[in-house]
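Participant: mind looking at a prediction? Sequence and model below.
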Amino acid sequence: MGLDKWDMALETGFIDGLLDKGLTVAEKLDHVNPRDPSEYIGTSPQDGFYMHGINLEDLDFIRSDIKAPTLLTYQILDFSKTGLSVVAYLRMVDIKAMKVLTSGMIQVGESVSFPAEKEINAFNDAYDIVKNIGDLPTSVFGKDVTLGLLNSDILNITGAYKNAPSKKAMAIENGIITGLIHNQKYKDNEPVIMEKTAGFKLKYPPVYNSIVFNTSPILYEEWSEFLAETNCSVLMMYRYIPDNGLYLKLIDTKSNGRILYSRAFVFNGRTDEGIIENHNIVAEQFKANVNIGLLKDKKILILDGDKQAVESQTYFQTQPSFNEMNLSIEEGMMTALVDEKVSIYEKLKTLYLKRPWMYNEKIFNLNPLYLDDWSQLKEFGVETLVVYNNLIPYEQLSSTSPDYKKVAIGVRIIDINTGDILDVSELTNLN
């Protein structure tokens, strides 16, 4: 396993510190094993990133036989024998409720290796943003809340992670968890963050080229199924965008996936003129130009119309190459609707699009949804459609292209009870 006397010394130091704080530390016997990686790595369907690593049955043994109600896990991010320096991440878990009690990163000494510096910076970037968010809903910090985290990356496009799981990716999630615990709204004696153990199953990747863009990567067809499998009443989905910032979304799984919070953040001390900026432009333009009154007290589904209705074959060929900017445009609309207290729901069910041959010998510009009639959408809990057409092909542009920072979107609102178009507007920064 590559462990030696230095690892023993480090763990002894942790134990010594815990004892100094008046805590009781149980000696480990031979009944606790690491979790079998095949339970959560390389599975079909795929599991979400960063699942708990201790054998789940052994957790019951720790609690019942060893009589230890909490588990302290730690990760060594960096260690120098010559410089006698160490950087470690620690997390304490209530193993009965499987809630994270506390979380943090510690550093002893000055020297840090270059690879570890990247991980530490990623941790601090995420931590600084989340710790300082002032408008998180108070409801997600209630004592009965169970909050799970999922790195969404670009799963909503391809069903696969763009950035392979890594120590840096772990550091980002650790930073988010620690930032939440240190957020001003967090209550120290009422932990809410769940340790991920099971149930975070992801949709099969091939389905993404047939369904509505930006559908949730969660496998299940009903949020009640996700709740039953994970015991998470709130799901925080996040996307770490290098050189740009962090996108966060909070979903109420007990309320059919209602989006409670949506916001994009620039890394502290930096400016962004790309993905985060366009997200914010879309949010402000949507609030200013779309008739929000038509959406109040309605259940909304956002649909990317793009070229689907007029160049269907081209759409299905280019959709797999969509990127974070394509997601950010739609998420900007979500942010606007949440800000305006409009009920917007995370797309979970597999709602299919018309295939190219279905447009043959039909009238021009059909709605792209594969439906026989509008009433079928009611099964998805939808009352009003917000259909948008993005006129800038971000998937064909590099991030240095001037057009990459432009916004040109057409929006129409459709009442699914009648099929009537209620409003048409545009969102743009080209003026």
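Facilitator: Received it, and whenever you're ready, just let me know what you need.
Participant: show me the strands in the stretch 201-350 of the chain, by range?
Facilitator: Taking DSSP state E, counting those that start in this stretch, the strands of the stretch 201-350 of the chain run over residues 234-241, 245-252, 258-266, 300-304.
Participant: how about these in CSV, adding mean pLDDT and mean neighbour count?
Facilitator: (Glycine included, C-beta is placed from N, CA and C.) Listed next are the strands of the stretch 201-350 of the chain as CSV, based on pLDDT from 0 to 100; neighbours: other C-beta atoms under 10 Å:
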stretch, mean pLDDT, mean neighbour count
strand 234-241, 94, 24
strand 245-252, 96, 23
strand 258-266, 95, 21
strand 300-304, 88, 22
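Participant: nearest approach to Phe322 belongs to which of those?
Facilitator: Closest of the strands of the stretch 201-350 of the chain to Phe322 is strand 300-304, at 9.0 Å (criterion: C-beta to C-beta).
Participant: need the contact list for Lys347.
Facilitator: Taking C-beta atoms under 8 Å, 6 or more residues apart in numbering, we find Lys347 in contact with Val212, Asn214, Thr215, Ser216, Leu301, Ile302.
Participant: from those residues, pick the one nearest Tyr247.
Facilitator: Asn214 (12.1 Å).
Participant: was I right to think that closest one contacts Glu324?
Facilitator: No - counting by C-beta atoms under 8 Å, Asn214 stays clear of Glu324, with 11.5 Å between them.
Participant: circling back: okay, the strands of the stretch 201-350 of the chain in JSON lines with distance to Met333 next?
Facilitator: JSON lines is the format used below for those (distance: least, C-beta to C-beta, whole Å):
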{"stretch": "strand 234-241", "distance to Met333": "16"}
{"stretch": "strand 245-252", "distance to Met333": "12"}
{"stretch": "strand 258-266", "distance to Met333": "9"}
{"stretch": "strand 300-304", "distance to Met333": "6"}
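Participant: what helix or strand is Gly175 on?
Facilitator: helix 167-181 (DSSP states H and E).
Participant: repeat for Leu101
Facilitator: Element membership of Leu101, judged by DSSP H and E, is strand 99-108.
Participant: hmm, back to that, between the strands of the stretch 201-350 of the chain, which one is nearest to Glu383?
Facilitator: Closest approach to Glu383 among these (C-beta to C-beta): strand 300-304, 7.5 Å.
Participant: just checking, what packs against that closest one?
Facilitator: For strand 300-304, the contact count by 3 or more C-beta pairs under 8 Å, 6 or more residues apart in numbering; DSSP states H and E identifies helix 324-339, strand 384-390 as packing neighbours.
Participant: worst mean pLDDT among those?
Facilitator: The minimum mean pLDDT among those belongs to strand 384-390 (a mean of 90).
Participant: nearest to Tyr394, out of the strands of the stretch 201-350 of the chain?
Facilitator: strand 300-304 (12.0 Å).
Participant: and the angle from that closest one to helix 324-339?
Facilitator: If you take axes from the mean of the first three to the mean of the last three C-alpha atoms, to 10 degrees, strand 300-304 sits at 160 degrees to helix 324-339.
Participant: what are the contacting residues of strand 300-304?
Facilitator: Applying C-beta under 8 Å, 6+ apart, the contact partners of strand 300-304 are 212-214, 326, 330, 333-334, 337, 342-345, 347, 368-369, 377, 380, 382-388, 390.
Participant: show me where this protein has helices.
Facilitator: Here the chain has its helices, by DSSP state H, at 5-20, 56-64, 114-131, 155-158, 167-181, 223-230, 275-289, 312-318, 324-339.
Participant: worst average pLDDT in those?
Facilitator: Per-stretch mean pLDDT for these is lowest at helix 312-318 (a mean of 68).
Participant: redo the helices of the chain as TSV? Include distance to Tyr404.
Facilitator: TSV is the format used below for the helices of the chain (distance: least, C-beta to C-beta, whole Å):
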stretch	distance to Tyr404
helix 5-20	46
helix 56-64	45
helix 114-131	22
helix 155-158	17
helix 167-181	24
helix 223-230	35
helix 275-289	8
helix 312-318	16
helix 324-339	7
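Participant: for Val86, find the nearest of these.
Facilitator: helix 5-20 (6.5 Å).
Participant: contacting residues around the closest one?
Facilitator: With C-beta under 8 Å, 6+ apart, helix 5-20 has contacts from Val25, Leu72, Tyr74, Ile76, Phe79, Lys81, Val86, Ala88, Leu90.
Participant: the nearest residue to the third one once chain neighbours are set aside: how many residues sit nearby?
Facilitator: Think Tyr74. Nearest residue to Tyr74 in three dimensions, chain neighbours excluded: Leu90, at 4.7 Å (C-beta to C-beta, 6 or more residues apart in numbering). Residues lying near Leu90 (other C-beta atoms under 10 Å) number 17.
Participant: which residues does Leu90 bridge with?
Facilitator: Leu90 has the following beta-bridge partners by DSSP bridges: Tyr74, Gly104.
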